[in-house]
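> Output the structure for:
(2 chains, ligands or ions: 2)
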Amino acid sequence: MTRWPMLLALLAVALVAPTVVYPVLLMTVLSFIVFACSFNLLLGYAGLLCFGHAMFFGGAAYVTGWFLKTTGASIEIGILVGGLSAAALGLLVGLVAVKRSGIQFAMITFAISQFVYFVLLQAPFTGGEDGLQRIPRTALLGVVDVSKSGSLYYVVLGFTVLAVLFFYRVVHSPFGEILKAIRDNEARVESLGFRPERFKLIAFVISAGMAGVAGGLKAVAFQIATLTDVSWTVSGEVILMTLLGGLGTLAGPMVGAVIIIGLNDFLSQFGEWSLISQGVIMLVVIIFLRRGVVGEIDAFLRRKKVAPAR
Amino acid sequence: MGTTNAPAGAGDFALEARGLTKVFGGFAAVKDVNLAVRRGAIHALIGPNGAGKTTCFNLLTKTLQPTAGTILFEGEDISALRTADVARRGLVRSFQISATFPHLTVLENVRVALQSDYGRAYQFWRSLKAVEPLNKRAMQLLEEVGLAGSAHLTATELSYGKKRAMEIATTLALEPRVMLLDEPTAGMGHEDVEPITDLIRRAAQGRTVVIVEHNLSVVSSLCDRITVLQHGEVLTEGTYAEVSTNPDVVTAYMGGVDES
Ligand SMILES: Nc1ncnc2c1ncn2[C@@H]1O[C@H](COP(=O)(O)OP(=O)(O)OP(=O)(O)O)[C@@H](O)[C@H]1O
Ligand SMILES: [Mg+2]
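Residues are numbered from 1 along each chain as shown, chains lettered A, B, ... in the order given. Ligands and ions are numbered 1, 2, ... in the order given. Here you go, the predicted model:
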């Protein structure tokens, strides 16, 4: 409950941020926040390590872009269509993958994502190596002009806030309670009369759909959808963000996304250094921050709270 | 017992296994086991380590698919059902290795089981208020096992004995008609064994219990009937007095059971 004032303060910062920081960078951060939260739902609460989550993110970016270009529908519809398409793809992948667990699940999702990458590379509407360009920023609800980055930012922020509230709800729902139980001890949940694979499938579809919303947001922010967003490096990046921020915490993936995107932006002027720094961060997380930034802070605060009582 | 129009004998058994067999890559862990558990009884399944007791439980609850044999639950063939469906019908097991949800609170551990029959488990769009009506029943169950005071602790914080008590409360939440307990006192200190035995005796009121147990004093004080397994086969069956004086059983146990 003590979290709410902090979240409101964060929201206030987010509202004025475009006066200080370049809006496209902020929108990148926000879309990756949604993306990392979707990944966290899967790994942090369902215990499923998807190694090809970029297929939902990048795939939906193409769908949103293509949909807005061909129909000229309002922008929020375009983003939602991206999300729905990713959820549908998630259903197909989930039906194949969810019965497996651990490394097998990771390998299957990785293999399918490589296949999706190949299909998108070959498909006529994606523009191949050049990407799908000139995605229009159509009017919000068909009336509000959001073609300028300064105003589009608030659309992206609105989607992000709704997405985070949605994730909070899913995690703190009757469904979320069973999901956490499955992560903790799947055999026991099954012996209590549940069908764990169904819960995992639903979680997978939700996660894929939200990764798709994130991809749609990125597509309208950059006005281009590229193969990079479908590639395994982005799948790896979202894992890094989530682990760095703190797996299985609400704030963790957000913090992770801010740090990684911020760092990438700062280091991009140094070329290859951005890759090297990611490697170093990964090592630091593995060695020193097992629970991630937010997880370690939580643990520290809990220790402080408990200490006087002893 | 009072049933008059049931077919001869069939109604008396809550759980039956006929010719139950499980082969793991050429090795028969369970061989042609016939088991008939009387309604309302506390029935022990004992035998040396590796005798196939846990495998029997896995087969009876369909955690494992039998290689051969039939399982009848209350006279109905359940051999083709899934684990989850077997549990929903009222045949629920516990695990030899402690099976809690360590990151959930004690109350939530029990509430998960109560959700099984509540029809809201898939509702990801509702807040936890939707399952709060279950808290009352969860607290009752925790009270029954003496854990009401620990309801809001995280499960990992419980001592081993309390964890096992919580597992029993979780199992009882399903109101099983037949409960399979796999070594409920294993690994416990002496001070914990007594309360758990009492708890099982109380929990067995109005239901049938099958229990795997190495502690023979627990077996003798609790159980009406005992089946002895050895090398996957039934060695003998009878009351404690009959079984404990059977020379084959004595030999089997001399063969190396670490009685602590
Ligand atoms: N999944 C499996 N795959 C292969 N072999 C198995 C499997 N499960 C059990 N076994 C083997 O089957 C035999 C019976 O095992 P089981 O666990 O049923 O014994 P148990 O009577 O429960 O023993 P304990 O008293 O040690 O718990 C053992 O030899 C074991 O190694
Ligand atoms: Mg065993």
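
> State the pLDDT value of residue B:124.
Listed pLDDT for residue B:124 reads 90.

> count of residues packed around it?
Other residues near residue B:124 come to 21 when the count uses other CB atoms under 10 Å in any protein chain shown. Quick note: C-beta positions are derived from backbone N, CA and C, even for glycine.

> show me the residues around it that make contact.
A:169-170, A:173-176, A:202, A:206 (CB atoms under 8 Å, 6 or more residues apart in numbering or on different chains).

> How many neighbouring residues does the residue of chain A found nearest ligand 2 have?
Residue of chain A nearest ligand 2, by CB to the ion: residue A:187 (14.2 Å). With neighbours defined by other CB under 10 Å, the count for residue A:187 comes to 15.

> Remind me what the helix or strand of chain B with the lowest mean pLDDT packs against, helices and strands.
Within chain B, confidence by mean pLDDT, DSSP states H and E is lowest for helix B:247-254 among all helices and strands, at a mean of 75. Counting contacts by 3 or more CB pairs under 8 Å, 6 or more residues apart in numbering or on different chains; DSSP states H and E, helix B:247-254 packs against strand B:225-230, strand B:233-238.

> who in chain B is up against ligand 1?
With CB under 6 Å from any ligand atom as the criterion, chain B comes near ligand 1 at residues B:24, B:29, B:47, B:49-55, B:96.

> Report the closest residue of the stretch 151-260 of chain B relative to chain A.
residue B:174 (6.4 Å; CB to the nearest CB).

> and the nearest residue to that residue once chain neighbours are set aside, helix, strand or coil?
Nearest residue to residue B:174, sequence neighbours excluded (CB to CB, 6 or more residues apart in numbering or on different chains): residue B:92, at 5.0 Å. Following DSSP: H, G, I helix; E, B strand; the rest coil, the label given to residue B:92 is strand.

> mind checking how far residue B:92 is from residue B:207?
10 Å (CB to CB, to the nearest Å).

> what's stretch B:202-212 in contact with?
With CB under 8 Å, 6+ apart as the criterion, stretch B:202-212 contacts B:14-15, B:37-46, B:53-54, B:57, B:60, B:96, B:144, B:168, B:172, B:176-184, B:200, B:219, B:222-223.

> ok so, going back, name the residues contacting each of residue B:92 and residue B:207.
Common contacts of residue B:92 and residue B:207 (CB under 8 Å, 6+ apart): B:176, B:178-179.

> Serialize these to a markdown table and add fields for distance to residue A:117, pLDDT and neighbour count.
Converted to a markdown table, the shared contacts of residue B:92 and residue B:207 look like this (distance: CB to CB, whole Å; pLDDT from 0 to 100; neighbours: other CB atoms under 10 Å in any protein chain shown):
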| residue | distance to residue A:117 | pLDDT | neighbour count |
| --- | --- | --- | --- |
| B:176 | 49 | 94 | 20 |
| B:178 | 52 | 94 | 23 |
| B:179 | 51 | 94 | 24 |
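
> now, which of the residues you listed lie within strands?
B:178-179 (DSSP state E).

> which residues touch the residue nearest to residue A:28 when sequence neighbours are not counted?
Of all residues not flanking residue A:28 in the chain, residue A:261 sits nearest, at 5.6 Å (CB to CB, 6+ apart). The contact partners of residue A:261, by CB under 8 Å, 6+ apart, come to A:25, A:28-29, A:32.

> All the helices of the stretch 151-300 of chain A, in order from the start?
A:174-184, A:186-191, A:196-222, A:232-245, A:252-267, A:273-288, A:292-306 (DSSP state H, counting those that start in this stretch).

> close to ligand 1, is the second one?
Read that as helix A:186-191. No. Using CB under 6 Å from any ligand atom, helix A:186-191 never reaches ligand 1; the gap is at least 12.4 Å.

> can you list contacts of that helix?
For helix A:186-191, the surrounding residues in contact (CB under 8 Å, 6+ apart) are A:101, A:178, A:181-182, A:196, B:61, B:63, B:83-84, B:87, B:92-93, B:95, B:99-101, B:112.

> For ligand 2, what's the nearest residue on chain B?
Counting by CB to the ion, chain B gets nearest ligand 2 through residue B:54, at 3.1 Å.

> ok, that residue - contacts?
Residue B:54 touches B:96, B:182, B:212, counting by CB under 8 Å, 6+ apart.

> what angle sits between the least confident helix or strand of chain B and strand B:225-230?
Orientation note: helix B:247-254 sits at an angle of 60 degrees relative to strand B:225-230 (axes from the mean of the first three to the mean of the last three CA atoms, to 10 degrees).

> Off-centre distance for helix B:247-254?
Here helix B:247-254 is found 25 Å from its chain centre; the criterion is CA atoms, centre = their mean, to the nearest Å.

> do stretch B:28-41 as well
Relative to its parent chain, stretch B:28-41 has a centroid offset of 13 Å by CA atoms, centre = their mean.

> do you know how far the spatially most central residue of chain B is from ligand 1?
The centroid of chain B falls nearest to residue B:180 when counting by CA atoms, centre = their mean (1.6 Å). The spacing between residue B:180 and ligand 1, counted by CB to the nearest ligand atom, to the nearest Å, is 12 Å.

> Touching, that residue and residue B:58? I think so.
No. Contact criterion CB atoms under 8 Å: residue B:180 and residue B:58 do not qualify, at 9.9 Å.

> How many residues are close by residue A:72?
Neighbours of residue A:72 under the rule other CB under 10 Å: 12.

> Against residue A:125, how distant is it?
For residue A:72, the distance to residue A:125 - CB to CB - is 16 Å.

> do residue A:258 as well
When residue A:258 is compared with residue A:125 (using CB to CB), they lie 33 Å apart.

> Between the two, which has more neighbouring residues?
For residue A:258 versus residue A:125, the count of surrounding residues by other CB under 10 Å is larger for residue A:258: 17 against 12.

> And stretch A:63-71, what's buried?
A:63-69 (16 or more other CB atoms under 10 Å in any protein chain shown).

> so which of these would you say is closest to residue A:119?
Of all these, residue A:119 sits closest to residue A:63, with 12.7 Å by CB to CB.

> For the closest one, which non-adjacent residue is closest in space?
Per CB to CB, 6+ apart, closest to residue A:63 is residue A:85, 4.3 Å.

> and the one you found, what element?
In this assignment (DSSP states H and E), residue A:85 forms part of helix A:75-97.

> After that helix, which helix or strand is next? Please name it.
Helix A:75-97 is succeeded, C-terminally, by helix A:102-122 (DSSP H and E).

> can you list contacts of that next one?
A:48-55, A:58-59, A:62, A:89, A:93, A:96-98, A:100, A:126, A:128-129, A:227, A:230-232, A:235.
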